[in-house]
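Enquirer: Turn this into a model:
(chains A and B)
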Protein chains: 2
Amino acid sequence: MSAEDQPQDSGRRRRRERAAAPAAPSPLAQPVSPFPPLELVSRDELESIHRTALTVLEEIGIDFLHDGARALLKAAGADVDPASTRVRFDPALVEAQIGLAPREFILHARNPARHLAIGGRRIAFGSVASAPNAFDRAGGRRSGTIADYRNFLRLGQTLDSIHFWGGYPVEPVDVHPSVRHLDALSDMLTLSDKPIHAYSLGRERNLDAIEMVKIARGIDDDTLEREPSLFTVINSSSPLRLDTPMLEGIIQMARRNQVVVLTPFTLAGAMAPVTLAGALAEQHAEALAGLVLAQVVRPGSPFVYGGFTSNVDMKSGAPAFGTPEYMKTAIVGGQLARRLSLPYRSSNANAANSLDAQAAYESVFSLWGAIMGGVNFLMHGAGWMEGGLHASFEKMALDADLLAMVADFLKPLRVDDAELALEAMREVGPGGHFFGAEHTQSRYRTAFFAPMISDWRNYETWREAGSPTAADAAGRVVAERLAAYAPPAFEPERREALEAFVARRKAEGGAPTDY
Amino acid sequence: MSAEDQPQDSGRRRRRERAAAPAAPSPLAQPVSPFPPLELVSRDELESIHRTALTVLEEIGIDFLHDGARALLKAAGADVDPASTRVRFDPALVEAQIGLAPREFILHARNPARHLAIGGRRIAFGSVASAPNAFDRAGGRRSGTIADYRNFLRLGQTLDSIHFWGGYPVEPVDVHPSVRHLDALSDMLTLSDKPIHAYSLGRERNLDAIEMVKIARGIDDDTLEREPSLFTVINSSSPLRLDTPMLEGIIQMARRNQVVVLTPFTLAGAMAPVTLAGALAEQHAEALAGLVLAQVVRPGSPFVYGGFTSNVDMKSGAPAFGTPEYMKTAIVGGQLARRLSLPYRSSNANAANSLDAQAAYESVFSLWGAIMGGVNFLMHGAGWMEGGLHASFEKMALDADLLAMVADFLKPLRVDDAELALEAMREVGPGGHFFGAEHTQSRYRTAFFAPMISDWRNYETWREAGSPTAADAAGRVVAERLAAYAPPAFEPERREALEAFVARRKAEGGAPTDY
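Expert: From the prediction side, this is the model:
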């Protein structure tokens, strides 16, 4: 066990003071839900799910495919089977880790105006991430390239309702894996100034990502540890297993107080029980297993509870998203996250192959479940298609509009004398028209949300214009945005230092690819 | 003032005993929301909107374009201007009518299995109504005909998530207006057995509709008055005006204890203030004006509070639906309805010209606002397009799927030992797969909602199948349903009596068309 695998604060771990809710860090408005999150299961039922997860952790256990992780857990008191990778947890050990991670924290961007508050009633919207294929109407569906990757960064940078990068929007498979993270993160930190994600693909990549974000933000190690500046999504290899690079990621990121978003991939009927309560119990057990490790590594390190439980099409085995089952688990996932006093991650998901009505209704159903369930951290918010198998430029633009509409819906409704408009109603009177009223004239230009995509022209005008669909309108937005893109300001010395770091690490051969 | 315009129970009106929630009348499951309705404005803000509406009614007043209605209101104590059509209301007179109408009631169908409970947490989904144009992909957009009208009835009859007819799905403009209601209602009562709507288009049509539904249900006058068997939507001619046929409808329907759904058409910036609080205050004033008249006519007659407030596109003046503004007013509309202890009507609306992503996202946003706002009576649930200007066959099928998904989402999540699946997790263990488990095998066929439209095939299979969109899939459903349609059972003597009634009324010349 290496020195860095030693638990920090071992033996004097304590329940941390919960910081007060951080102030809104960003002049770019981040949505705040005015609604208490919905509850689909009762308090007793929630406790049943929680207790089932504790029983799973105690009796069945989790396979931790990483020697260091098992050593850390053993030192913390877990029951580590010496003959296998299995780790079992006494419920008291698990419960002791609940409440250490912050309820809310700031995820820092290289542009301070882009910092995000994660937790409470606040919501942050992320881009599509990790699609192997890219799609646009001109080029069709193809394997991701660095050129597509960069265009997604440019497009997403211009869309204000995308608050952070959930990962690589598309995998740039034409860049060698040994140096892909160097090019991709360098591009992300240069072409955009929004908060970023780092893939947990082994120790070297994790450390490179941490160095790169330090350089881009111009901060030292102490500041980095005070100010979480990147996050990593940890997917368990469901059922009940965490693999080597994921565990390496938890250890590396938690140790430096960076953000771990643990998301079990619990598709009911495949990697999880076919019943939603069972799939949620498994999700909860896996999330708790990750939480325990992260809090053993560094008590109080920021941790987000991820929910991704959905169902599969039992005819084909294909994953389904935006279904009634997905909505239910999105709601209960939020209840489970709050049970652990953790921020909650969900997704804007759909399984459609093209940007049709299905793509839209599955997306809005996903958003409905996530938003009403109390999501704080929305992954795949813009551009995700086909169950994650392709990232679509047009869907990114359309989703950005959907996210902006959701954000506008969540704004408070003002009720005061001016808004109640009694004087205007007196002026107009029965049978009149409000357009000419001063009350209207002084407000109409900004009174309503103005979408990018929605086409409200009358039928005849619309048909004369060629009967464009929303996908056509989205294509127009994509082209306009890419044409108008200008890179965000980047301090030259930081940019040069970042380039130098990448050049040095490439010269060293990048990262091993045998993970 | 005719005898039937005399207020019933005048002088001995009393706050009626509220009936206990009616039992679920229907073996066809009607959704019940497990969620308390959302609240977007505080109790104080809600009272501000309510008080503003009372001030509008007291100081500005409402134009009632019907002598009999004004006489009824004058007799009830309203301030009726003898020199105009204006009626003003003392707040105490308005408040005295609140609480008389039932919180919940049964809307009866000719098939008792189709009766609907309206109110509480129960939800009923209606068809598209009143579109002047029909659309399908084969025939394009055209003026409504009786042939299209009948096909909508056949299609809607087969779709179980459509619970009632909101009106004529499309206007059969090839049938002369004097007899259109006779043919249209006769078709509706014959080709379908779901609850129906009658348009308030003058006294003769109202009375014909009442007779026809009595015949179809095989009931006498007393039973009709005990068992509301049709409803009429009353749209105010906003701002602050109720026109002659609408007032005739309130009087005729309320007198016979049939259902009045009063829906102000308050588009913010056009017929209502540009501010949402102001538009809602106007909506509330108009709804209260209708409520007062209905309760003066017959205290305790069933009344539904309708919300339809939306915004207009301030560039073109075109109405917009499914917008953030629409969602907000859907939520607050529910709060206002509950303030009056009334069931709440909202709509599944969109302004899209074709069945694309916009049609779907505007629809699901509308449903989100309506359902979370506590809707009981959802108009235009299936088939509405283009701000109501066309009814689409494909959209009806797609919406029926959306409504079924919403209903499934609203079902409780079971949490018990069998659902928590601890034994299945023990059996499968870390790294296993659940498909082969007995727990899965005994449940998977019915575990998940099976949509009609959503296409979850993998990309390659989908492309080989011709890259069908959701609109293509909906077209397939339409064709299959119309081919498989069989008319519902109809007692021959009732059917013959209905035909005889229609024949007699046609021989009499139908209804006057100079309304």
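Enquirer: where does the residue nearest the centre of chain A land on pLDDT?
Expert: Nearest to the geometric centre of chain A sits A:M379, at 2.9 Å (Cα atoms, centre = their mean). The score at A:M379 is 98. That number is its pLDDT.
Enquirer: Doesn't it belong to a strand?
Expert: Yes. Counting by DSSP: H, G, I helix; E, B strand; the rest coil, A:M379 is part of a strand.
Enquirer: now that we're looking at it, how far away is chain B from it?
Expert: Separation of A:M379 from chain B (Cβ to the nearest Cβ, to the nearest Å): 19 Å. Backbone N, C-alpha and C define where each C-beta goes, glycine included.
Enquirer: A:L242 now?
Expert: A:L242 sits at a distance of 9 Å from chain B (criterion: Cβ to the nearest Cβ).
Enquirer: right, and that residue touches A:R70 too?
Expert: No. Assessed by Cβ atoms under 8 Å, A:L242 is found out of contact with A:R70, at 10.5 Å.
Enquirer: show me what contacts A:L342?
Expert: By Cβ atoms under 8 Å, 6 or more residues apart in numbering or on different chains, the residues touching A:L342 are A:A101, A:R103, A:L291, A:F303, A:V304, A:Y305.
Enquirer: Filter those down to the ones in strands?
Expert: Judged by DSSP state E, the contacts of A:L342 include A:F303, A:V304, A:Y305 as members of strands.
Enquirer: Contact partners for the first one?
Expert: This means A:F303. A:A101, A:A254, A:V259, A:V260, A:V261, A:L262, A:G290, A:L291, A:A294, A:Q295, A:L342.
Enquirer: Now the stretch 201-350 of chain A against chain B: closest residue?
Expert: Here the stretch 201-350 of chain A gets closest to chain B at one residue, A:G278, 2.9 Å apart by Cβ to the nearest Cβ.
Enquirer: measure the closest residue to that residue other than its chain neighbours to B:L155 for me?
Expert: Spatial nearest neighbour of A:G278, excluding adjacent residues (Cβ to Cβ, 6 or more residues apart in numbering or on different chains): B:A421 at 2.9 Å. As judged by Cβ to Cβ, to the nearest Å, B:A421 and B:L155 stand 40 Å apart.
Enquirer: Have a look at these two and say which one is more surrounded.
Expert: Legend: neighbour count by other Cβ atoms under 10 Å in any protein chain shown for B:A421 and B:L155, higher for B:A421 (30 against 24).
Enquirer: close enough to count as contact, the more buried one and A:A268?
Expert: No. Assessed by Cβ under 8 Å, B:A421 is found out of contact with A:A268, at 9.6 Å.
Enquirer: Could you name every residue contacting both of those two?
Expert: Taking Cβ under 8 Å, 6+ apart as the criterion, B:A421 and A:A268 both touch A:V274, A:T275, A:G278, A:A279.
Enquirer: any idea which of those residues has the most stuff around it?
Expert: A:A279 (32 neighbours).
Enquirer: doesn't A:A270 make contact with that one?
Expert: No. Between A:A279 and A:A270 there is no contact under Cβ under 8 Å: 9.6 Å.
Enquirer: Give me the neighbour count for the residue lying closest to A:T469 once chain neighbours are set aside.
Expert: The spatially closest residue to A:T469, leaving aside those adjacent along the chain, is B:D356, at 3.9 Å (Cβ to Cβ, 6+ apart). When counting by other Cβ under 10 Å, one arrives at 26 neighbours for B:D356.
Enquirer: likewise A:L40?
Expert: Neighbours around A:L40, by other Cβ under 10 Å: 26.
Enquirer: Would you mind listing the residues in contact with the closest residue in space to it that isn't next to it in sequence?
Expert: Among residues not flanking A:L40 along the chain, A:I331 sits closest, at 4.5 Å (Cβ to Cβ, 6+ apart). Applying Cβ under 8 Å, 6+ apart to A:I331 gives the contacts A:P37, A:L38, A:E39, A:L40, A:G369, A:M372, A:G373.
Enquirer: remind me which residues of chain A are low pLDDT?
Expert: Along chain A, the model assigns pLDDT under 70 to residues A:1-28, A:514-515.
Enquirer: any idea how far the biggest helix by length in it is from the chain center?
Expert: Determined from DSSP state H, the single longest helix within chain A is helix A:276-297. Relative to its parent chain, helix A:276-297 has a centroid offset of 18 Å by Cα atoms, centre = their mean, to the nearest Å.
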